[in-house]
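Enquirer: This is the structure alone, sequence omitted:
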């Protein structure tokens, strides 16, 4: 079991969709620099524990869609496989909302529907 | 190839310089024409509204003084409030205008008795924009201002915009009695400044004296509002300067009513203008947009579509969820309201005793950009 603590490893202010213009705390930066590597490093049957509420105030939809559902959209992994590998944890009960959103956006994403990197982000 | 003589080379050089000068002159003439059209349109607008809702004095040399109305509030006195703020923009958005153009010399606060937090923020942003354009030459004269107004603007950080001594700022606050409303000093941010919402949380915690339940959902809305500014509010084709691409944020707490308000504002193109009109109804409205009443309706319809239909300027299927995030704070608290004013449209979502209501409205006057207001009562 591996762990990815978003607030400690990535940013306490995750926000926005793309590195340009939203910066290094964007969903794209999270997916490309952290989540993708963490998922790829898992052994068969191993899960990735993602802690979402340690020092983080909130997540906007733009971040969640690009950060998590982007894994499916760009063809890195199928939605069911990604959901099987993720174990999303929190202690603040308000963060259940974000867990549900992550699952919803992954399920709604169309596998390999876009190429990465995108030609024009905006 | 023949080697050029010095005489021939000099002649070519002169010809080349002449061509270059010629083209720049043409460009200048074109920009002069554009500026001329714009100031003439601004003059026409001022003439149309002078004594028709707009309280101004026109001095010699077409110098204009704007008298702010006694009540500025987008909820209760929208048209008059938006009209006076629009007049500031009309009179200040072009520099180097000829003497025939109206020019703003003063904004008079004397009659102003009551101003909402959101109106104060928009007015401050507008005056900040004017001050930036004339290189911080404005200076407030508060002698005849209402005391409560001085206090409210002082707390908002209005006087920090100008070159006012610290002791003078303290005098403004100390000379006024408590109005019961505490205001958070406004926060000015750019595209990547999401972390600045933590300043707001800290300041609101200080004035309320407690944590705000369900704050994460307000923060989530603010995060998306900031992302929307980065992606949609200031498009490249509108040639905004970097110094103009700002957002403004403040909050206030009324101790008597326990009402907490959080206000976010950007001066961009506005949500209705950033959306493609793809629906037949909206397309028809676009065709008729030259008519003011239809234009008003179009903004209202597009704003509603933006919030409720996952639609964005990109038309990507996985985008456009952000505006729905704005609703979450009110939804999770089960009471309060969210208002989004953008150009001539209003989208308002409110909850009372767990039941929600939605309304849209169109106005004659527009707000320059997008204004988002969250209001909840802390129990």
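Expert: Received the coordinates, thanks. No experiment lies behind these values; they were computed from the predicted model shown. Numbers count the residues shown, from 1 in each chain, chains lettered A, B, ... in the order given.
Enquirer: which SSE is the closest residue to residue B:243 other than its chain neighbours in?
Expert: Closest residue in space to residue B:243, ignoring its immediate chain neighbours: residue B:132 at 6.2 Å, by CB to CB, 6 or more residues apart in numbering or on different chains. C-beta coordinates here come from the backbone N, C-alpha and C atoms, glycine included. Per DSSP states H and E: residue B:132 is located in helix B:117-133.
Enquirer: Buried ones in that helix, by neighbour count?
Expert: Within helix B:117-133, the residues scored as buried using 16 or more other CB atoms under 10 Å in any protein chain shown are B:117-131, B:133.
Enquirer: What parts of chain A come near chain B?
Expert: Residues of chain A found near chain B (CB under 8 Å from any CB of the partner chain) are A:12-13, A:15-17, A:21-23, A:25, A:57-63, A:65, A:69, A:73, A:92, A:94-95, A:97, A:105, A:108-110, A:122.
Enquirer: Please repeat the previous calculation with a cut-off of 6 Å.
Expert: Within chain A, the residues that sit near chain B (CB under 6 Å from any CB of the partner chain) are A:13, A:15-16, A:21-23, A:57-58, A:60-62, A:65, A:94, A:122.
Enquirer: Which entries within those residues meet the buried criterion?
Expert: A:13, A:15-16, A:21-23, A:57-58, A:60-62, A:65, A:94.
Enquirer: max-length strand in chain B?
Expert: Identified as the longest strand of chain B according to DSSP state E is strand B:355-377.
Enquirer: Quickly run through the sheet partners of that one, with directions.
Expert: Strand B:355-377 pairs in its sheet with strand B:259-266 (antiparallel), strand B:336-352 (antiparallel), by DSSP bridges.
Enquirer: Make sure I have this right: residue B:107 is in a helix.
Expert: No - Residue B:107: not assigned to a helix; according to DSSP: H, G, I helix; E, B strand; the rest coil it is strand.
Enquirer: what's the burial count for it?
Expert: Residue B:107 has 23 neighbours, counted by other CB atoms under 10 Å in any protein chain shown.
Enquirer: Next up, the contacts around it.
Expert: Residue B:107 is in contact with residue B:66, counting by CB atoms under 6 Å, 6 or more residues apart in numbering or on different chains.
Enquirer: try it again with 8 Å
Expert: By CB atoms under 8 Å, 6 or more residues apart in numbering or on different chains, the contact set of residue B:107 is B:65-66, B:68, B:88, B:127.
Enquirer: can you list the weak-confidence ranges in chain A?
Expert: Across chain A, the ranges flagged by pLDDT under 70 are A:119-122.
Enquirer: what is the closest residue to residue B:367 other than its chain neighbours paired to in the beta sheet?
Expert: Leaving aside its chain neighbours, residue B:367 sits nearest to residue B:341 (5.0 Å; criterion: CB to CB, 6+ apart). In this entry, residue B:341 is beta-bridged to residue B:346, residue B:371, by DSSP bridges.
Enquirer: how about the residues of chain A next to chain B, which pair is most distant?
Expert: Within the residues of chain A next to chain B, two members stand farthest from each other by CB to CB: A:94 and A:122, at 30.9 Å.
Enquirer: From what I see, residue B:90 and residue B:43 are in contact.
Expert: No - counting by CB atoms under 8 Å, residue B:90 stays clear of residue B:43, with 9.0 Å between them.
Enquirer: Those two: which has the busier surroundings?
Expert: Between residue B:90 and residue B:43, residue B:90 has the larger neighbour count (other CB under 10 Å), namely 23 against 17.
Enquirer: and the more buried one, what does it touch?
Expert: So residue B:90 contacts B:42, B:45-46 (CB under 8 Å, 6+ apart).
Enquirer: Quick one: classify it as helix, strand or coil.
Expert: Strictly by three-state DSSP, residue B:90 counts as helix.
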